[in-house]
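Trainee: My questions are about this predicted structure, shown below with the sequence.
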Amino acid sequence: MTATDLNPGPSNPGASTPGTNTATAFVPGPATPYQDDIARYWDQEARPVNLRLGDVDGLYHHHYGIGDVDHGAITAPEGADREKQVVAELHRLESAQADLLLDHLGHVPRDATLVDAGCGRGGSMMMAHQRFGCRVEGLTLSAKQAEFANQRAHRTGVDQFVRARVCNMLDMPFETGQAAGSWNNESSMYVDLQDLFAEHARILAVGGRYVTITGCWNPAYGQPSKWVSQINAHFECNIHSRREYLRAMADNRLVPQAVVDLTPATLPYWELRATSSLVTGIEEAFLSSYKDGSFQYLLIAADRV
Ligand SMILES: C[S@@+](CC[C@H](N)C(=O)[O-])C[C@H]1O[C@@H](n2cnc3c(N)ncnc32)[C@H](O)[C@@H]1O
Ligand SMILES: CC(C)=CCC/C(C)=C/COP(=O)(O)OP(=O)(O)O
Ligand SMILES: [Mg+2]
């Protein structure tokens, strides 16, 4: 029996993707029944708000946007042309979010390895390679997402540098100190933060940089609000508090260099999205919780010391 024969997890049929450079090394299946649920969730996900935006330029994101809406770019009257303009604008704001995350990685040499923990369909990985020219390794629980990301890398001719694998980010297939940088872009609400940051601290070189953009509940509000509970139920995730992020980083040799409240910067994205035909029903929960102060959109960049 070969290593790949040992990899038949129910939601894990595509740990190796024919025709791409996907590794054939042994990758364990979901570590818990919860992870199996999450794998299934992302295997089945095909919301137009994600696919139509990705179709704009081939960068497929599963995160939200930041920055002011360019109202000058949305000029068409109600109808198909206007919708196209709104889609392009929402996508521009989502790519701006990934750009901001990459800004916080600092200087990354071409011979470095970067790790995208919870990489989705790979949009941030492609942007990282375009910017730094380095190797980018992504991990997701979803075989469909890994296959999608690897196909994008293959079709754009960067599959020697950009690779997604089906793997638990709490048990990453990297040597100790192998990564110059690593990040979680809206993927940390699916795991225990102590476990997550212990694993990032292990794979990062001393002096390496970790960045996360995440939604977190605000301890100043008291407890998770009904809106936060609604977001958790919608995505089957478990949003952590800001306090929990900072405490778990401190416990795991990750020292924050920047903590940026992106809440005001993400509101225009949500206001625009709420008026579009691509609404999914979760817009009110984000807008209300950002506005009542119970929820924050946060960037944290930390040094591995
Ligand atoms: C909301 S999506 C974010 C995707 C991507 N970071 C982006 O910005 O487009 C969440 C991702 O986290 C991944 N994820 C959740 N738990 C994970 C785990 N334990 N190990 C690896 N990936 C995980 C999911 O498979 C999914 O790809
Ligand atoms: C900030 C928080 C709490 C994020 C939770 C994780 C998540 C589901 C992110 C967006 O994914 P998506 O792009 O697939 O979602 P949508 O379909 O709503 O655009
Ligand atoms: Mg989306």
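Mentor: Received it, and whenever you're ready, just let me know what you need. As the structure is a computational prediction, the values presented were derived from the model and not from experiment. Ligands and ions are numbered 1, 2, ... in the order given.

Trainee: and this protein, which residues reach ligand 2?
Mentor: Selection of the chain residues close to ligand 2 by Cβ under 6 Å from any ligand atom yields 47, 49-50, 62-63, 186, 189, 215, 231, 235, 237, 239, 280, 282. Placement of C-beta: from N, CA and C, glycine included.

Trainee: quick one: Arg216 from ligand 1, how far?
Mentor: Slight slip there: residue 216 is Cys, not Arg. Noted for Cys216: a distance of 14 Å to ligand 1, by Cβ to the nearest ligand atom, to the nearest Å.

Trainee: Equivalent analysis for Arg163, please.
Mentor: In terms of Cβ to the nearest ligand atom, Arg163 sits 14 Å off from ligand 1.

Trainee: what about that residue, which SS state?
Mentor: strand (DSSP: H, G, I helix; E, B strand; the rest coil).

Trainee: Tell me the bridge partners for it.
Mentor: Glu137 (DSSP bridges).

Trainee: ok, the residue sitting nearest the centre point of the chain - contacts?
Mentor: When Cα atoms, centre = their mean is applied to the chain, the residue found nearest the centroid is Asn185 (3.1 Å). By Cβ atoms under 8 Å, 6 or more residues apart in numbering, the contact set of Asn185 is 63, 97-98, 101, 116, 118, 120, 124, 212-213.

Trainee: And the pLDDT at Leu105?
Mentor: Here the pLDDT value assigned to Leu105 is 98.

Trainee: I'd assumed Ala112 was in contact with it.
Mentor: No: under the criterion of Cβ atoms under 8 Å, Leu105 is not in contact with Ala112, lying 9.4 Å apart.

Trainee: Need the overlap of contacts for those two.
Mentor: Taking Cβ under 8 Å, 6+ apart as the criterion, Leu105 and Ala112 both touch 132, 181.

Trainee: ok, the residue nearest to the centre of the chain to Cys119 distance?
Mentor: Asn185 is 8 Å from Cys119, where distance means Cβ to Cβ, to the nearest Å.

Trainee: repeat for Ile282
Mentor: Ile282 sits 22 Å away from Cys119, going by Cβ to Cβ.

Trainee: circling back: can you pull the phi and psi angles for the residue nearest to the centre of the chain?
Mentor: Here is the backbone geometry of Asn185 (degrees, to the nearest 10): phi -100, psi 100.

Trainee: tally of neighbours for the residue in the stretch 51-200 of the chain that ligand 2 sits nearest to?
Mentor: Nearest residue of the stretch 51-200 of the chain to ligand 2: His62, at 3.8 Å (Cβ to the nearest ligand atom). With neighbours defined by other Cβ atoms under 10 Å, the count for His62 comes to 23.

Trainee: ok, and the closest non-adjacent residue to it?
Mentor: Spatial nearest neighbour of His62, chain neighbours left out: Gly120 (4.0 Å); criterion: Cβ to Cβ, 6 or more residues apart in numbering.

Trainee: so that neighbour touches Thr140, yeah?
Mentor: Yes: using Cβ under 8 Å, Gly120 makes contact with Thr140 at a distance of 6.3 Å.

Trainee: Write out the residues of this structure neighbouring ligand 1.
Mentor: So the chain meets ligand 1 at 35, 38, 42, 61-63, 118-120, 123-124, 139-142, 145, 168-170, 185-187, 190-191 (Cβ under 6 Å from any ligand atom).

Trainee: Appreciated, that's everything.
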